[in-house]
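**Q** the following comprises the amino acid sequence and a computationally predicted model.
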Amino acid sequence: MIRRVVHGGARWLGYHRRMTKQEPNDTPRKSWLTTLKVYLEPPSVRMLLLGFAAGLPLLLVLGTLSFWLREAGIDRTTIGYLSWVGLAYAFKWMWAPLVDRLPIPVLTRLLGRRRSWLLLSQLAIVLGLVAMSFNDPQVALTPVVWGALAVAFGSATQDIALDAFRIESADVDRQAALAAAYQTGYRLAMIWAGAGVLWIAAHAETSVVTGYQHGAWHTAYLVMAASMALGVVTVLASPEPLRRVLPPAKNAVDWLRGALVEPFADFLRRYRWQAVLILALIATYRISDVVMGIMANPFYVDMGYSKAEVATVTKVYGVIMTLAGAFVGGALAMRLGVMRVLLLGAVLSAASNLLFSLLSTRGHDLTGLILVISADNLSSGIASAAFIAYLSSLTNVNYSATQYALFSSMMLLLPKFLAGYSGRYVDAFGYTNFFVATALLGLPVLLLVWLASQAKLAPSPDK
């Protein structure tokens, strides 16, 4: 008991010093080489591989799927409705308490609480992808939809368990580095599930048949299902984070209170009135990026960029720049503190949208596109690494899955709602004004980050 109090107090004191810009006199500043070595540590390598498993399913039920369906002759209205499959990610907080508390028969005893849920969700993703591959949407769309739903819910559940696994695998000092490693794997998977699956489908087509060929997509999605083996092997080879013994529930009501009510009550108890400030910051931090991102692809088409140019510059090169930004953001957060980098990321994210406004006046300008994508994705990587580290610092490890799922869901709800009106805004005012408006949306975020840093919002000693 004494050891727990001392350890918790030490962690809180270290975090408090970072938040208040105080450094202990007897602790020398780490060199850049020592700082960057954190990416070679086993937890960082595991996060890289598990990040790949987390990033793979997203495009396969959203972007890539819409390409497949359109090629199969499915009308755009239906494709639009099917994008609601992605709402599973926004509402994952609803079953996050089960992932936090509910044991899985046999699996939890063999693997532990976090790894058992990770493995179960990964198996759901694999089965869903296989089911999608064996069904031709041109002949029977419904089975493809059910497969996509299985992938989406499995992916959202994997995110819940993986966020908890990451938070519990290292202390606060290393959360930014783990977030950067996670993002690296995630972005690499998005290249594979975006450009890679199209390349596989194209090469699987036969010259005998012209037009749409289901066999090509069958092969591509089976390869994607097999690619999930990387995450499965990593889960089986990883150690379970230190198990935290939870008080036993006396009855069903007591269990529900601990699983559903207590995670949210704990957050409110720890932060009281400051919880409003925190939630406001979470709900708006990525608003500039998310609202702008909905109109990015239509913008490229309207500016006359070809599919090859967009794929090369935005899907491959852009992801590389995001990875660079994530590593820079993770390293800066360890040296300067999360809040400073959080403010830097907010400034850069809003400012990069102004570059899109300038690009919209130049028509088809490939060099300009490369420069703008460089700045935008680098900024996004820095902001994401700092923001994930900030969210991680807010959670109580006893409820990490539920609380982090709530935070990450809130992060998307308001931006996604506003983004639904982005097309109407562009039609009324044009791209130039639209990109300026999305940049202005980031101004309140700067104020919220400053207020949060001044309030010295730090985790409690119970973390």
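**A** Yes, it's here.
**Q** contacts, neighbours, all on C-alpha from now
**A** Noted.
**Q** okay, now the unreliable bits of the stretch 1-150 of the chain?
**A** Segments of the stretch 1-150 of the chain classed as low confidence (criterion: pLDDT under 70) are 1-36, 38-39, 63, 76-77, 79-80, 83.
**Q** can you give me the helices in it?
**A** Counting by DSSP state H, counting those that start in this stretch, residue ranges of the helices within the stretch 1-150 of the chain are 2-19, 32-36, 42-60, 63-71, 76-82, 87-90, 96-101, 107-111, 113-133, 141-168.
**Q** could you point out where the stretch 301-450 of the chain is predicted with low confidence?
**A** Applying pLDDT under 70 to the predicted model, the residue ranges of the stretch 301-450 of the chain that meet it are 301, 306-308, 310, 397-402, 420.
**Q** could you pull out the helices for it?
**A** Using DSSP H, counting those that start in this stretch, the helices assigned to the stretch 301-450 of the chain run over residues 307-310, 318-336, 338-359, 366-394, 400-419, 422-440, 443-454.
**Q** chain center to the fifth one: distance?
**A** Distance, stretch centre to chain centre, for helix 400-419: 10 Å (C-alpha atoms, centre = their mean, to the nearest Å).
**Q** buried residues, that helix. List them.
**A** Within helix 400-419, the residues that qualify as buried are 400-416, 419, counting by 16 or more other C-alpha atoms under 10 Å.
**Q** same question, the second one
**A** Applying a neighbour-count criterion of 16+ other C-alpha under 10 Å, the buried positions in helix 318-336 are 318-335.
**Q** the last one now?
**A** By neighbour count, and taking 16+ other C-alpha under 10 Å as the criterion, the buried residues in helix 443-454 are 445-446, 448-449, 451-453.
**Q** could I get the residues you listed as a markdown table with distance to residue 189?
**A** Compiled in a markdown table, these are given as follows (distance: C-alpha to C-alpha, whole Å):
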| residue | distance to residue 189 |
| --- | --- |
| 445 | 30 |
| 446 | 31 |
| 448 | 33 |
| 449 | 31 |
| 451 | 36 |
| 452 | 33 |
| 453 | 34 |
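**Q** domain ranges for the protein, per the record?
**A** Structural domains annotated on the chain: 29-243, 254-463, as defined by automatic domain parsing.
**Q** how near is residue 180 to residue 174?
**A** Distance of residue 180 to residue 174, computed by C-alpha to C-alpha, to the nearest Å: 10 Å.
**Q** more neighbours: which of these two?
**A** Counted by other C-alpha atoms under 10 Å, residue 180 and residue 174 do not tie: residue 180 has more neighbours, with 33 against 22.
**Q** these two touch, right, that one and residue 332?
**A** No - applying C-alpha atoms under 8 Å, one finds residue 180 not in contact with residue 332, separated by 11.1 Å.
**Q** what is the burial count for residue 426?
**A** 16.
**Q** for the closest residue to it other than its chain neighbours, give me its contacts.
**A** Residue nearest to residue 426 in three dimensions, not counting chain neighbours: residue 434, with 5.9 Å by C-alpha to C-alpha, 6 or more residues apart in numbering. With contact set as C-alpha atoms under 8 Å, 6 or more residues apart in numbering, residue 434 has these partners: 357, 422, 425-426.
**Q** ok, so of those residues, who is nearest residue 100?
**A** Compare each of the contacts of residue 434 with residue 100 using C-alpha to C-alpha and the shortest gap goes to residue 422, at 36.1 Å.
**Q** my read is that the closest one contacts residue 291, right?
**A** Yes - here residue 422 reaches residue 291: they are 6.9 Å apart, a contact under C-alpha under 8 Å.
**Q** about what we covered before: out of the helices of the stretch 1-150 of the chain, which gets nearest to residue 266?
**A** Proximity to residue 266, assessed across the helices of the stretch 1-150 of the chain by C-alpha to C-alpha, is greatest for helix 96-101 (13.3 Å).
**Q** now do that closest one: which elements does it pack against?
**A** Judged by 3 or more C-alpha pairs under 8 Å, 6 or more residues apart in numbering; DSSP states H and E, helix 96-101 is in contact with helix 141-168, helix 400-419.
**Q** a markdown table for the ones you listed, including distance to residue 112?
**A** Formatted as a markdown table, these follow (distance: least, C-alpha to C-alpha, whole Å):
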| stretch | distance to residue 112 |
| --- | --- |
| helix 141-168 | 11 |
| helix 400-419 | 14 |
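**Q** could you point out which of the ones you listed sits nearest residue 280?
**A** Nearest to residue 280 among the helices and strands packed on helix 96-101 is helix 400-419; the distance by C-alpha to C-alpha comes to 9.3 Å.
**Q** that closest one vs helix 366-394, what angle?
**A** Orientation of helix 400-419 against helix 366-394 (axes from the mean of the first three to the mean of the last three C-alpha atoms, to 10 degrees) gives an angle of 140 degrees.
**Q** give the other helices and strands that helix 400-419 contacts.
**A** The contact analysis (3+ C-alpha pairs under 8 Å, 6+ apart) places helix 400-419 against helix 87-90, helix 96-101, helix 141-168, helix 262-271, helix 274-284, helix 287-294, helix 366-394.
**Q** relative to residue 234, which of those is closest?
**A** The closest approach between residue 234 and any of the helices and strands packed on helix 400-419, judged by C-alpha to C-alpha, belongs to helix 141-168 at 11.9 Å.
**Q** after that closest one comes which helix or strand?
**A** Scanning forward in sequence from helix 141-168, with DSSP states H and E defining helices and strands, the next element found is helix 175-191.
**Q** what's in contact with that next one?
**A** 38-39, 43-45, 47-56, 58-59, 166-167, 315-316, 319, 322-323, 326-327, 329-331, 333-334, 338, 385-386, 388-389, 392.
**Q** sorry, back to before: of the helices of the stretch 1-150 of the chain, which is nearest residue 441?
**A** Distance to residue 441, taken as C-alpha to C-alpha, is lowest for helix 87-90 among the helices of the stretch 1-150 of the chain, at 21.0 Å.
**Q** return the members of the contacts of residue 434 classed as buried.
**A** With neighbours counted using 16+ other C-alpha under 10 Å, the contacts of residue 434 contain these buried positions: 357, 422, 426.
**Q** now, among these, which is nearest to residue 226?
**A** Nearest to residue 226 among those is residue 422, at 36.8 Å by C-alpha to C-alpha.
**Q** mind listing what the closest one touches?
**A** Residue 422 makes contact with 291-292, 294-295, 434 under the criterion C-alpha under 8 Å, 6+ apart.
**Q** one more pass at 7 Å, please.
**A** 291, 295 (C-alpha atoms under 7 Å, 6 or more residues apart in numbering).
**Q** find me the pLDDT at residue 195, would you?
**A** According to the model's per-residue confidence, residue 195 sits at a pLDDT of 78.
**Q** what is the burial count for it?
**A** 16.
**Q** next one: residue 364 relative to residue 242, how far apart?
**A** 54 Å.
**Q** who's more crowded, these two?
**A** Between residue 364 and residue 242, counted using other C-alpha under 10 Å, residue 364 has the larger neighbour count: 17 against 10.
**Q** do I have it right that the more buried one meets residue 303?
**A** Yes - counting by C-alpha atoms under 7 Å, a contact exists between residue 364 and residue 303, whose distance comes to 5.4 Å.
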